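**Student:** show me the folded form of this:
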Amino acid sequence: MRLVIIGGGILGTAHALAAIGRGHEVIQLEREVEARGATVRNFGLVWVSGRSANELDITLRSRQLWEEIGGKVPGVGFRPAGSMTLVRTENELAVAEAAMRNPSAAERGFELLDPDAVRKVNPALRGKFVAGLHCSKDGAVESRQALPALRRYMEATGRYTFFGGTEARGITGTTVLDDRGRRHEGDLVISCPGAAHSGLTRELVGDIPVRRVRLQMMQTAPLGEPLTTAFADGDSFRYYPAFQGPELDRLNNEEAQPFTAAQHKMQLLCVQRLHGGLTIGDTHEYDEPFNFDVDEAPYEHLVTVAEELLGRKLPQVVRRWAGVYSQSIDPGAIVTRAQAADNVWVITGPGGRGMTLGPALGEETADLLNL
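**Tutor:** Got it, this is the predicted structure:
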């Protein structure tokens with residue numbers, strides 16, 4: 001079977017990888033020369049720790065697939081580094097303790113550590129905190145180099161062709177017409193448009209139950225020492241469904257976030273890139289139209305919190321950026337799949353879980369469509 005996949009981000013590429021792995025032929029179109037959306041503007045985290053109970057199985061499967069991919073395609077930069085969520089107050093500690101009592105704690109690789117034990121796992125964390133929730137199942141890939149590495153791997157099969165700088169303009173049957181007048185014929189068309197909910201996506205499936213979310217992030221120069229795990233602050237508990245419960249309700253009711261953090265719906269996440277720099281974020285903006293500029297106050301907040309937890313000054317910030325991703329409106333939906341016609345599907349909306357869940361979502365779609 002020949003698939004035509006529209007969209008060169010992680011979701012489209014993961015679907016291509018699943019199809020190639022099952023012996024099919026794939027043509028993939030990407031409107032930019034290289035993907036420039038949420039896929040390359042994220043942390044590259046494979047984040048098991050905060051996922052809800054109904055997401056846990058697919059998240060663990062995706063984590064397993066990433067490890068297998070990392071063995072076959074070392075250029076993706078997979079490492080099973082784990083994460084450390086650092087808590088600074090008694091209410092945050094209560095949330096972490098509740099997470100340890102959850103029946104899924106062992107599956108998530110949770111371990112609650114005192115400060116000395118935290119520093120034994122990650123010596124770079126020399127700041128002020130009362131405990132750390134360690135998740136050994138979390139991992140990371142290099143978001144800016146993963147897709148080219150995966151494409152090279154697929155091209156080596158002789159069954160994969162990538163057309164960068166090529167925009168899909170229309171679909172007739174299962175033939176895709178691009179903006180250069182070329183026709184790409186297939187047996188199945190899968191469009192993974194990311195946050196592009198208008199244009200061809202709307203023509204195909206109308207208004208589907210997804211929304212766009214805008215974030216801000218930054219990257220530093222090399223830290224000068226290894227950060228052996230990713231790390232997060234206790235505010236991150238507020239944004240992940242795994243931590244819901246009376247302890248989190250108490251945290252939200254009794255400890256308001258600082259004004260800037262609350263205004264921008266912020267959490268601190270930090271991961272070290274292979275070049276030694278730190279990717280740090282993030283904010284959440286849900287109401288469109290989004291601002292076209294970036295706001296400095298969130299960056300100042302992130303720097304302050306990161307320095308308090310590291311116990312040192314951050315290296316120079318060398319890059320700042322904003323990005324937009326697609327999120328299914330139904331909180332119980334992991335992704336939105338909409339059938340446009342026979343053998344034509346639109347798939348989007350994994351939210352901030354695209355990099356985490358990409359391989360498993362591609363595998364799941366292949367199963368659903370009997371590839």
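**Student:** could you use CA atoms for every contact and neighbour count after this?
**Tutor:** OK.
**Student:** ok now do A38, which residues does it touch?
**Tutor:** Each residue near A38 by Cα atoms under 8 Å, 6 or more residues apart in numbering is listed here: G9, G194, G323, V324, Y325.
**Student:** cool, L150 as well?
**Tutor:** T13, L17, V73, G75, V76.
**Student:** mind listing which of these are in helices?
**Tutor:** T13, L17 (DSSP state H).
**Student:** just the contacts of L150 now: which is nearest R108?
**Tutor:** The shortest distance between R108 and any of the contacts of L150, using Cα to Cα, involves V76 and amounts to 22.9 Å.
**Student:** how close does that closest one get to R2?
**Tutor:** According to Cα to Cα, to the nearest Å, V76 stands 25 Å off from R2.
**Student:** the two: which is more packed in?
**Tutor:** When V76 and R2 are compared for neighbours, V76 comes out ahead with 23 against 18, by other Cα atoms under 10 Å.
**Student:** now do the helices in this structure.
**Tutor:** Listed in chain order (using DSSP H), the helices of the chain are 10-21, 53-72, 90-101, 105-108, 115-121, 143-155, 200-205, 246-254, 259-263, 296-310, 354-368.
**Student:** to G127, which of those helices lies closest?
**Tutor:** helix 296-310 (4.2 Å).
**Student:** for that closest one, name the packing helices and strands.
**Tutor:** The helices and strands touching helix 296-310, judged by 3 or more Cα pairs under 8 Å, 6 or more residues apart in numbering; DSSP states H and E, are helix 259-263.
**Student:** how about the helix it packs on: buried residues?
**Tutor:** Taking 16 or more other Cα atoms under 10 Å as the basis for neighbour counts, the residues of helix 259-263 that come out buried are A261.
**Student:** ranges for the strands of the stretch 201-350 of the chain?
**Tutor:** Counting by DSSP state E, counting those that start in this stretch, the segments of the stretch 201-350 of the chain that form strands are 210-220, 230-233, 269-272, 278-281, 317-328, 336-341, 344-348.
**Student:** got a markdown table for these, with mean pLDDT and mean neighbour count too?
**Tutor:** Written out in a markdown table, the entries for these read as follows (pLDDT from 0 to 100; neighbours: other Cα atoms under 10 Å):
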| stretch | mean pLDDT | mean neighbour count |
| --- | --- | --- |
| strand 210-220 | 97 | 21 |
| strand 230-233 | 98 | 24 |
| strand 269-272 | 98 | 25 |
| strand 278-281 | 97 | 26 |
| strand 317-328 | 96 | 19 |
| strand 336-341 | 97 | 16 |
| strand 344-348 | 98 | 22 |
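**Student:** got those strands as a markdown table, with distance to P241 columns?
**Tutor:** Shown next, in a markdown table, are the strands of the stretch 201-350 of the chain (distance: least, Cα to Cα, whole Å):
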| stretch | distance to P241 |
| --- | --- |
| strand 210-220 | 17 |
| strand 230-233 | 15 |
| strand 269-272 | 16 |
| strand 278-281 | 19 |
| strand 317-328 | 15 |
| strand 336-341 | 19 |
| strand 344-348 | 20 |
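**Student:** wait, which of those strands is closest to A131?
**Tutor:** Put simply, out of these the one that sits nearest A131 is strand 230-233, at 10.8 Å, with distance taken as Cα to Cα.
**Student:** and the contacts of the closest one?
**Tutor:** By Cα under 8 Å, 6+ apart, the residues outside strand 230-233 that reach it are 81-87, 267-272, 305.
**Student:** go with 7 Å
**Tutor:** Contacts to strand 230-233, defined as Cα atoms under 7 Å, 6 or more residues apart in numbering, come from residues G82, S83, M84, T85, L86, V87, Q267, L268, L269, C270, V271, Q272.
**Student:** just flag the most distant two among those.
**Tutor:** Checking the contacts of strand 230-233 against each other with Cα to Cα, the farthest-apart pair comes out as V87 and Q272, at 19.9 Å.
**Student:** how far off centre is stretch 92-110?
**Tutor:** Taking Cα atoms, centre = their mean, to the nearest Å, the mean C-alpha location of stretch 92-110 is offset from the chain mean by 22 Å.
**Student:** correction: stretch 354-367
**Tutor:** The chain centroid and the centroid of stretch 354-367 are separated by 12 Å, computed with Cα atoms, centre = their mean.
**Student:** which parts of it are buried?
**Tutor:** For stretch 354-367, using 16+ other Cα under 10 Å, the buried residues are G354, M355, T356, L357, G358, P359, A360, L361, G362, E363, T365, A366.
**Student:** just to check, the fourth one is in contact with S62?
**Tutor:** Yes. With contact defined as Cα atoms under 7 Å, L357 reaches S62; the gap is 5.5 Å.
**Student:** distance of G70 relative to A221?
**Tutor:** In this structure, G70 and A221 are 25 Å apart, going by Cα to Cα.
**Student:** now swap in A338 and tell me
**Tutor:** Counting by Cα to Cα - A338 and A221 are separated by 42 Å.
**Student:** next: K120.
**Tutor:** Applying Cα to Cα, one obtains 24 Å for the distance of K120 from A221.
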